[in-house]
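Colleague: Sequence and predicted structure are below.
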Amino acid sequence: MSKNNIREQIFKIRKKKYFEIKIGKNFLNNILHKIDFSKKKIIGGYFPINFEIDCLQILNKFYSKGYSISLPIIRKNQQMDFYIWEKYTPLTVSSLGIPQPKKLKKVYPDVLLVPIVAFDKYRNRVGYGGGFYDRYLEKISKKKNCITIGLAFSHQKVNKIKIENFDKKLDLILTEKLIQK
């Protein structure tokens, strides 16, 4: 199945099931127990759109524990960078309609929470098709070791994703039901 067909299928299912699924405290605890955060100080996240898992609660928990939080800003040529965002700092809206921080301090996250449209048991992901995260993961891998954690609902898992040379595998995928390592 092509990535576009996977996207189309998953978008319909995700929209239908979004309000039926409850994300509990176990979801956050799975993240906290699977990674040694003692040396990880900058957490990158995303502002949820299109019925994605809402990672803002997770980011809020990290923020309350003293971690720095960063969100992406989309730039020209389908590039993105992460900038520090503090909980009470107003966001601006990008040309894609996604809330983003003002460009204050560019950072490279130690841990990056990644939105997913679909994933497979090999930790491959399908995104929205713009390649933003694949390009960013390639860029950050040259700067530092960043742990990548995909966030999805269990119904977004597919049998196999046909990967291309530029696709980047994630370190871990968490859903409300499973941890894909």
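Modeller: Sure, I can see it.

Colleague: how about the residue positioned nearest the centre of the chain, what does it touch?
Modeller: With distances taken as C-alpha atoms, centre = their mean, residue 114 lies nearest the centre of the chain, 1.4 Å away. Residue 114 sits next to 46, 125, 133, 148, 149, 150, 151, 170 when contact means C-beta atoms under 8 Å, 6 or more residues apart in numbering. Any C-beta I mention is one placed from the backbone N, CA and C, and that applies to glycine too.

Colleague: So in terms of bridging, what pairs with the spatially closest residue to it that is not a sequence neighbour?
Modeller: Once flanking residues are discounted, residue 114 sits nearest to residue 150: 4.8 Å by C-beta to C-beta, 6 or more residues apart in numbering. The partner list for residue 150 in beta bridges (DSSP bridges) reads residue 114, residue 173.

Colleague: In this structure residue 150 contacts residue 116, no?
Modeller: Yes: counting by C-beta atoms under 8 Å, residue 150 sits close enough to residue 116 to count as a contact (4.6 Å).

Colleague: who touches both of the two?
Modeller: Residues within reach of residue 150 and of residue 116 at once, by C-beta under 8 Å, 6+ apart, are 125, 173.

Colleague: coming back round to it: tell me the most packed of the contacts of residue 114, by neighbour count.
Modeller: With neighbours taken as other C-beta atoms under 10 Å, the top of the contacts of residue 114 is residue 151, carrying 27 neighbours.

Colleague: buried stuff in stretch 81-99?
Modeller: By neighbour count on 16 or more other C-beta atoms under 10 Å, the buried set for stretch 81-99 is 81, 82, 83, 84, 85, 98.

Colleague: okay, the residue lying closest to the third one once chain neighbours are set aside: pLDDT?
Modeller: In this case it means residue 83. Take residue 83 and drop its neighbours on the chain: the residue closest to it by C-beta to C-beta, 6+ apart is residue 101, 4.8 Å away. Residue 101 is assigned a predicted lDDT (pLDDT) of 87.
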